[in-house]
Structure formats: C-alpha cells, structure tokens
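Okay, structure incoming, though there's no sequence with it:
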Ligand SMILES: Nc1ncnc2c1ncn2[C@@H]1O[C@H](COP(=O)(O)OP(=O)(O)OP(=O)(O)O)[C@@H](O)[C@H]1O
Ligand SMILES: CC(C)(CO)[C@@H](O)C(=O)[O-]
Ligand code: BAL
C-alpha cells in the first residue's frame, strides 16, 4: 500500500506533501500521541535502523523523512550520484518493529517531500546564487567538518529547521557518526526556541559499526569497492584508536595525533605498493571541544584537559578519502553521557 501513486509498494503510509503530513500530524496532536522523528537522506542501513528503533521505544508514533538535501552539497560534491534506494529503504523500515503490550509498533509514516516543496524560492548549491531564507549557526559551522565543507552546516541547519517546522516532532534522533551535526542542531533548537523538539528531546544515538571491521556504517560506504570497504576504510577507526590509547597513556594531543598520522601514512604506502587501486588520503584527524568545537591545544594532555574542562569530554574525529569516497568517524574521549549520547 502507498498513499500516493507512482511510489514503490509500502506497508507504511508515504506522505509526499506538506499538507498531507500536517493533516496526519494534527490527528496525532488531537490523540495526544508522541511523535518521534528520524531525518535521513535514504540509502538506509543499520545505523538508521538503530535511530528508528530508539524512536519506536520512546514514542507512540515514528516518522522517518527521506530527502537528499541539495543545499548541503557543495557544487563539486556528490549530489547527483548520492545513492537513492527508495524500494530498499521502504523494505528496511517495514521490517522494523517493536512489541509493546498487545501491539507491534512499526514506523508510522515516511515523509518524502520534493525539492520544490522544501525550497519554494528555489535552491542553488552555490551559496552566492542562493535566494530566500537560510539558517546559519554562526561560530559553530566552520570548524571540524565545516573546515572542509564550509557551506555544509548552513544547508543542514536550513533543511532541518524546515523539517522540524513540518514534522513537529516530540523527540528526534540523530547519529553520533555526524557528531558535530547533532550538537550543532541541538544548539540551533535552543537558539531558535523551538518547542518541537526542545533541545532536551534531540537525542544522539551511538555509532553503529560493521561487526567485523568496526567501520562506521554510512550510506556512502556503498561507493566503496570490497577491498576499499574491508581493508582500507577501517584503518581510519584503527588510527583513532591509536590516538585514544596514546592520549590515555598521558601523551599530549600533538604527539597522539602525529602517531596516528604516521600510522596512516604507512598504511597508504603499503596499500599503494600492494594494490594500485586503493588510494587512501587523510583529510584530518583532530581533537575538539564539544561545546565550542575549537581545537584542543597541541600541548594539552588528558590530565590538563580534565583539570580545565569541568568534565567535558573531547571529540576525537577524522575524515579520510578512500579512493573517491570521503568517510567520517569519531570517538568520544571521556564521558559520552555528558553530551547526552544515549546507550546503544
Ligand atoms: N553508523 C551510524 N550510526 C548511527 N547513526 C548513523 C550512522 N550513520 C548515519 N547515522 C545517522 O543517520 C542520520 C541520517 O544520516 P544519513 O541519511 O546522511 O546517512 P549517512 O550514512 O550518515 O550518510 P552519509 O554516508 O552521506 O554520511 C544522521 O543523523 C546520521 O548521523
Ligand atoms: C540531517 C540530514 C538528514 C539533513 O539533510 C543529513 O545531514 C543527514 O542525513 O545526516
Ligand atoms: N550524514 C551526513 C550527510 C552528508 O554528508 O551530507
């Protein structure tokens, strides 16, 4: 069954217009049902499933949006090739269920808007050509991922504001894999005084990893060849684990990171020598303050950080090119609970 024609078969109602969603939401308001929301760009995997499962546990109803947002892709990025797998996505969602009392809770609706509905004034990927209304979280969008992708968070903040405005979620769920995105959106929710969701109801769900290689699940993993996925890509997490163990043994930040960079350089050389088709290039590996996103000073050790940071953990994050695919990952050094990251 599907709510609109021209869509793949789906046991979950698909709402493609803002008006049809609003009607659905009004009924939930009237019935005093809580609505959990998971925003995605589709190509669903077990990381997305974990977000949806959390929502099913916490809420009467769960809505998943699938929208590949042009505004968060720079003109040179992969908007046109981004994986679009709607029939598969609907099957993944239909297979998710949670027994509650006599009931089986499943995702309640999929919101599938058009680019035109989301951007009534039109949308250019080139910020200089954009017209209309945009949301920027100033001072928090240029560090970490924002350094390599300077217009990324403007695109994300804008589309998520629109989605929140439409969906009116009681609670939302974002992945720790995109940790800066989740923390920035929580700040945006606070700054814009949103009630649906409140900042407290923006939940962060731990990173789902491949059980064998520990590679963080990601829609873009679909771009990787088998050897890129199984051999090269997991080295980024291995490098971060090295930073973690140096940091925890008392080395300062610069030394800890340098060891990991040297490890990755050696891996890149070895891979190139063994197989010319695997090309690995580190974009960054860095430690940042989870509140300001500023870089942890080179000479800081864990003991110095803990004395100064009043319990705040450190975000250790990395981005790496594996062939033509850019992957990101992170580890929280310290207490994840203080960032409001849920248990898995
Ligand atoms: N491995 C994961 N574990 C937990 N959450 C995840 C994981 N991967 C993605 N998410 C979360 O799912 C939500 C939707 O993400 P999105 O649809 O962009 O998938 P993605 O795998 O992050 O894609 P991409 O490969 O483009 O980064 C985001 O909140 C994201 O952080
Ligand atoms: C939050 C989001 C769905 C906004 O397009 C996207 O950035 C993502 O999938 O992480
Ligand atoms: N999950 C992040 C989406 C992006 O890289 O555009």
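The structure has been received and is ready for your questions. These figures come from a predicted structure and were not determined experimentally. Residues are numbered from 1 along each chain as shown. Ligands and ions are numbered 1, 2, ... in the order given.

C-alpha only now, for contacts and for neighbours.
Will do.

Name the spans of this protein whose pLDDT lies under the cut-off.
1-5, 275-276 (pLDDT under 70).

longest helix anywhere in it?
For the chain, the longest helix by residue count, based on DSSP state H, is helix 253-274.

Could you list the residues in contact with it?
232, 235-236, 239-240, 242-244, 246-247, 278-282, 285-287, 296-301 (Cα atoms under 8 Å, 6 or more residues apart in numbering).

how far out from the middle of the chain is stretch 71-89?
14 Å (Cα atoms, centre = their mean, to the nearest Å).

so how far does that stretch reach from one end to the other?
Length of stretch 71-89, first residue to last, Cα to Cα, to the nearest Å: 22 Å.

re earlier: name the residues of the longest helix of the chain that are buried.
Counting neighbours by 16 or more other Cα atoms under 10 Å, one finds that the buried residues in helix 253-274 are 253-257, 259-261, 263-264, 267-268, 271.

Find the pair from those residues with maximum spatial separation.
253 and 271 (27.0 Å; Cα to Cα).

all strands of the stretch 151-300 of the chain, in order?
171-175, 202-205, 280-288 (DSSP state E, counting those that start in this stretch).

what packs against the last one?
Taking 3 or more Cα pairs under 8 Å, 6 or more residues apart in numbering; DSSP states H and E as the contact definition, the neighbouring helices and strands of strand 280-288 are helix 253-274, strand 314-322.

Switch the ones you listed over to a markdown table; also include distance to residue 205.
Below are these laid out as a markdown table (distance: least, Cα to Cα, whole Å):
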| stretch | distance to residue 205 |
| --- | --- |
| helix 253-274 | 26 |
| strand 314-322 | 15 |
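
Looking at those, which is nearest to ligand 1?
strand 314-322 (11.0 Å; Cα to the nearest ligand atom).

Indicate which one of the helices and strands packed on strand 280-288 is closest to ligand 2.
strand 314-322 (15.0 Å).

Check the offset of the following helix or strand past that closest one from the chain's centre.
Next along the chain after strand 314-322, taking DSSP states H and E as the criterion, comes strand 325-333. Computed by Cα atoms, centre = their mean, the chain-centroid distance of strand 325-333 equals 11 Å.

Repeat that for stretch 15-24.
Distance, centroid of stretch 15-24 to centroid of chain: 25 Å (Cα atoms, centre = their mean).

Contacts made by it with the rest, please.
Contacts of stretch 15-24 (Cα under 8 Å, 6+ apart): 3, 4, 109, 110, 111, 112, 113, 114, 117, 166, 167.

Can you give me the buried ones in that stretch?
15, 16, 18, 21.

Show the contacting residues for the residue nearest the centre of the chain.
Centroid-nearest residue in the chain: residue 178, 3.6 Å away (criterion: Cα atoms, centre = their mean). Counting by Cα under 8 Å, 6+ apart, residue 178 touches 328, 329.
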